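what shape does this take:
(one chain, ligands or ions: 2)
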Amino acid sequence: MTATNSGSGFTMPRPGSAAAAGPTLALPEAEGADMHAAGTAAEGPLPVGATVDLASLGSELGIRRPLDQLDEQLVGLETVKRRLGEIGALLLIDRLRARYDLRSPRPNLHMCFAGPPGTGKTTVATKMAEILHALGYLPSDHLVTVSREDLVGQFVGHTAPKTKAVVQRAMGGVLFIDEAYSLHRPDNERDYGQESIEILLQTMEEHRDDLVVILAGYRDRMDGFFSLNPGLRSRIAHHLDFLEFTVDDLVEIGHRMLADQGYELEEVAEPVFRDYVARRRSQPNFANARSIRNAIDRARLRQAARLVAAGGRVNRDSLRLITNADLLASRVFAEPEVSDG
Ligand SMILES: Nc1ncnc2c1ncn2[C@@H]1O[C@H](COP(=O)(O)OP(=O)(O)OP(=O)(O)O)[C@@H](O)[C@H]1O
Ligand SMILES: [Mg+2]
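Numbering: from 1, shown residues only. Ligands and ions are numbered 1, 2, ... in the order given. A predicted model of the protein is given here:
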């Protein structure tokens with residue numbers, strides 16, 4: 001892997017606490033000069049007496065970038081980010097240990113992402129594939145997302161080839177199994193889900209080097225699933241909890257989504273948006289960040305309708321602006337029990 005970053009080096013778990021940049025290697029004169037001349041500062045064996053600056057090494061290996069991106073792009077999720085920072089640190093240290101000829105067992109990185117709808121499980125899984133690839137843990141950064149129907153067949157003999165084909169497709173990257181508990185249907189004796197689970201268990205054990213499996217779903221259903229499949233629970237090293245977002249987080253997520261799409265809230269609409277978020281959050285069927293995305297889609301619709309109905313001339317600013325009226329027309333302000341509005 002080549003250097004993709006310069007600056008203050010690898011930090012954990014958030015940027016801003018970076019160690020000062022320094023030379024990656026501090027070697028006895030002659031050896032140091034040789035290594036830099038050969039362009040192998042971040043790779044290759046190290047003499048026993050060599051010292052290495054971790055921050056700069058993290059940057060040189062390109063480890064910092066995907067972790068920082070995750071930190072910057074995703075609001076909240078502090079415990080998730082902290083754990084990813086720790087995993088990043090472990091993989092960096094393992095790589096460095098190998099250069100000093102210190103053996104490290106390959107870490108188990110199978111994971112479970114548990115949490116309510118719209119809290120970023122799928123989004124983080126996508127980033128995870130990129131991060132593990134950048135850290136040199138996985139040969140590829142691809143993510144294969146599947147659910148029950150992709151893994152389990154309808155007839156005798158269908159499930160094994162189906163599950164194996166999925167595993168084959170994901171090999172080298174991340175296999176993300178959404179609503180993993182749907183694999184288990186205890187009420188149906190003739191269900192083939194268990195057959196798929198057995199194959200997945202075996203794969204997780206045998207292919208730890210070239211496949212990371214992430215199971216995702218709601219916390220209580222995941223717990224029930226694991227209690228019926230203890231073998232699965234014990235093969236998962238990282239159980240990450242995705243929590244409901246706070247109103248502050250949701251408002252921030254809304255602002256970022258608007259900015260990404262080239263919109264902004266007019267200043268007087270700020271408290272209205274916060275009020276919207278607080279009301280929507282307490283309604284049934286609230287799906288965290290996804291509901292915010294839907295709310296923004298509706299606001300854009302209303303903005304367009306408002307501008308077209310008003311007729312006359314528009315400018316760039318008026319095309320960018322979401323106003324009070326675009327938010328207040330939402331049913332959230334009228335009917336407390338409606339779904340996404
Ligand atoms: N922390 C976050 N910061 C900003 N945007 C986020 C964050 N988490 C999720 N989103 C956005 O919210 C939407 C829903 O996220 P995602 O699909 O990852 O949730 P999920 O937990 O997988 O939901 P589900 O349980 O329903 O599958 C996406 O558009 C995503 O970009
Ligand atoms: Mg999802």
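
name the residues of the protein found near ligand 1, please.
74-77, 117-123, 253, 289-290, 293 (Cβ under 6 Å from any ligand atom). Every C-beta, even on glycine, is put in place using the N, C-alpha and C of the backbone.

my guess is residue 135 meets residue 88, correct?
Yes - contact criterion Cβ atoms under 8 Å: residue 135 and residue 88 qualify, at 6.2 Å.

list residues touching both of those two?
residue 63 (Cβ atoms under 8 Å, 6 or more residues apart in numbering).

in the stretch 101-250 of the chain, what residue comes closest to ligand 2?
For the stretch 101-250 of the chain, the residue closest to ligand 2 is residue 122, as judged by Cβ to the ion, at 3.3 Å.

how far away from the center of its chain is the one helix or strand that residue maps to?
Applying DSSP states H and E as the criterion places residue 122 in helix 121-134. Chain-centre distance of helix 121-134: 5 Å, with Cα atoms, centre = their mean, to the nearest Å.

which strand residues bridge residue 177?
For residue 177, the beta-bridge partners are residue 146, residue 215 (DSSP bridges).

burial count for it?
Residue 177 has 26 neighbouring residues, counting by other Cβ atoms under 10 Å.

show me what contacts it?
Contact partners of residue 177, counting by Cβ under 8 Å, 6+ apart, are 146, 147, 151, 183, 200, 213, 214, 215, 216.

at 7 Å instead, please
By Cβ atoms under 7 Å, 6 or more residues apart in numbering, the contact set of residue 177 is 146, 213, 215, 216.

likewise for residue 114?
Contacts of residue 114 by Cβ under 7 Å, 6+ apart are 217, 218, 219, 222, 239, 241, 242.

can you do 10 Å?
Residue 114 makes contact with 121, 180, 215-223, 226, 239-243 under the criterion Cβ atoms under 10 Å, 6 or more residues apart in numbering.

repeat that for residue 276.
Contacts of residue 276 by Cβ under 10 Å, 6+ apart are 250-251, 254, 269, 292, 295, 299, 327-328, 330, 332-333, 341.

end to end, how far does stretch 53-72 reach?
Start and end residues of stretch 53-72 are separated by 24 Å (Cα to Cα, to the nearest Å).

how far out from the middle of the chain is that stretch?
16 Å.

with stretch 265-280 instead?
With Cα atoms, centre = their mean, you get 27 Å for stretch 265-280.

so for that stretch, what gets flagged as buried?
Residues of stretch 265-280 classed as buried: 265, 266, 269, 272, 273, 276, 277, 280 (neighbour count, 16 or more other Cβ atoms under 10 Å).

can you name the two of the residues you listed that are farthest apart?
266 and 280 (19.6 Å; Cβ to Cβ).

give me the subset of the buried residues of stretch 265-280 lying in helices.
Among the buried residues of stretch 265-280, the members falling in helices (DSSP state H) are 272, 273, 276, 277, 280.

for burial, what's the neighbour tally of residue 294?
Residues within reach of residue 294, counting by other Cβ under 10 Å, total 16.

and stretch 219-236, C-alpha only, in PDB?
The C-alpha trace of stretch 219-236 is given here as PDB (Å, rounded to 0.1, in the frame of the first residue of the first chain):
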ATOM      1  CA  ARG A 219     -31.300  -5.600  19.300                       C
ATOM      2  CA  ASP A 220     -34.000  -7.700  21.000                       C
ATOM      3  CA  ARG A 221     -34.500 -10.000  18.000                       C
ATOM      4  CA  MET A 222     -30.700 -10.300  17.600                       C
ATOM      5  CA  ASP A 223     -30.500 -11.400  21.300                       C
ATOM      6  CA  GLY A 224     -33.200 -14.000  20.800                       C
ATOM      7  CA  PHE A 225     -31.500 -15.300  17.700                       C
ATOM      8  CA  PHE A 226     -28.100 -15.600  19.400                       C
ATOM      9  CA  SER A 227     -29.600 -17.400  22.400                       C
ATOM     10  CA  LEU A 228     -30.900 -20.000  20.100                       C
ATOM     11  CA  ASN A 229     -27.600 -20.100  18.100                       C
ATOM     12  CA  PRO A 230     -24.800 -19.800  20.700                       C
ATOM     13  CA  GLY A 231     -22.200 -21.000  18.200                       C
ATOM     14  CA  LEU A 232     -22.900 -18.000  16.200                       C
ATOM     15  CA  ARG A 233     -22.700 -15.500  19.100                       C
ATOM     16  CA  SER A 234     -19.300 -16.900  20.100                       C
ATOM     17  CA  ARG A 235     -17.900 -16.500  16.600                       C
ATOM     18  CA  ILE A 236     -18.600 -12.800  16.600                       C
END
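
list the contacts for the residue of the stretch 51-200 of the chain found nearest ligand 1?
Across the stretch 51-200 of the chain, the shortest distance to ligand 1 (Cβ to the nearest ligand atom) belongs to residue 120, at 2.8 Å. Shown in contact with residue 120 (Cβ under 10 Å, 6+ apart): 74-77, 80, 113, 126-127, 242, 245, 253, 288-290.
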